[in-house]
Structure formats: C-alpha cells, structure tokens
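Peer 1: sharing a model prediction with you, sequence too.
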Amino acid sequence: MQLVPDIEFKITYTRSPDGDGVGNSYIEDNDDDSKMADLLSYFQQQLTVQESLLKLCQPELESSQTHISVLPMEVLMYIFRWVVSSDLDLKSLEQLSQVCRGFYICARYL
C-alpha cells in the first residue's frame, strides 16, 4: 500500500450529470438525502482546496478588531464544547452549525 501525498488536492467533488432524464423521479426523491450525506465531505474539501491554511470562517466585512477566524481550530473546539455544554444541547449545536461551513464541520465533530 502506498500513500499519496496531498490526496485532498487531487480528489474533486463531482456529481454525475443526468443528461438523458432517465430516473429523474428517483433522483428528485433522494436529492435532499444525498445532499445532506455529502455536505460534510464537500465542506471539508472546499476548505482544504481554498487555502493551504485551514480557515474555518472569514469576516464578511473588514474590521479593525480581531476576527474569530484567527483562533486555532483546537481553541474553537473548546469554545464550541462549552457552548453545547455537557447536556448536549442540540438546539445550540444546530445553531452553531448554521453560522458558516467551518462551524458546520466543527459541530459535526463534537
């Protein structure tokens, strides 16, 4: 077995096109399920491909204050665990995952 360095840059996220229209009803029924199943891997790949430094989020507007994106992922995970707390508040976890793609990935690892 041989490991391939930088495999995440060589793998592309593609969906097979359905040019002939056969099976559209099946695809439409399961479209939401397949999107949700692939969402985590898609976000992980997009964050990896965008920059060599993994940034979980980016500020929408320029600011003179420090943005949360400068914190290391480990520190963010500690903060997220505190937000969710030991009671595993699923509402807080779901709200956290709706902030941005990076927070969605972190929320899935909690």
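Peer 2: Done, it's in.
Peer 1: name the element residue 40 belongs to?
Peer 2: Applying DSSP states H and E as the criterion places residue 40 in helix 24-50.
Peer 1: next one: phi and psi at the residue nearest to residue 79 when sequence neighbours are not counted?
Peer 2: Excluding the flanking residues, the one nearest residue 79 by CB to CB, 6 or more residues apart in numbering is residue 71, at 7.9 Å. Every residue, glycine included, has its C-beta placed from N, CA and C. Backbone torsions of residue 71, given as degrees, to the nearest 10, read phi -70, psi 140.
Peer 1: shaky segments in the protein?
Peer 2: 1-37, 43-56, 86-88, 110 (pLDDT under 70).
Peer 1: ranges for the helices of the protein?
Peer 2: 7-10, 24-50, 73-84, 90-97, 101-109 (DSSP state H).
Peer 1: and the fourth one with helix 73-84, angle?
Peer 2: Between the axes of helix 90-97 and helix 73-84, defined by axes from the mean of the first three to the mean of the last three CA atoms, to 10 degrees, the angle is 150 degrees.
Peer 1: start at 626 instead
Peer 2: Taking 626 as the first residue, the last one we looked at is helix 715-722.
Peer 1: what's helix 715-722 in contact with?
Peer 2: Outside helix 715-722, the residues that touch it by CB atoms under 8 Å, 6 or more residues apart in numbering are 705, 708-710, 728-729, 731-733, 735.
Peer 1: please indicate which of these are buried?
Peer 2: Buried by 16 or more other CB atoms under 10 Å: 705, 709, 728-729, 731-732, out of the contacts of helix 715-722.
Peer 1: and the closest residue to residue 693 other than its chain neighbours, how far from residue 722?
Peer 2: Using CB to CB, 6+ apart and skipping residues adjacent in sequence, the residue nearest residue 693 is residue 682, 6.6 Å away. Remark: distance between residue 682 and residue 722 (CB to CB, to the nearest Å) = 12 Å.
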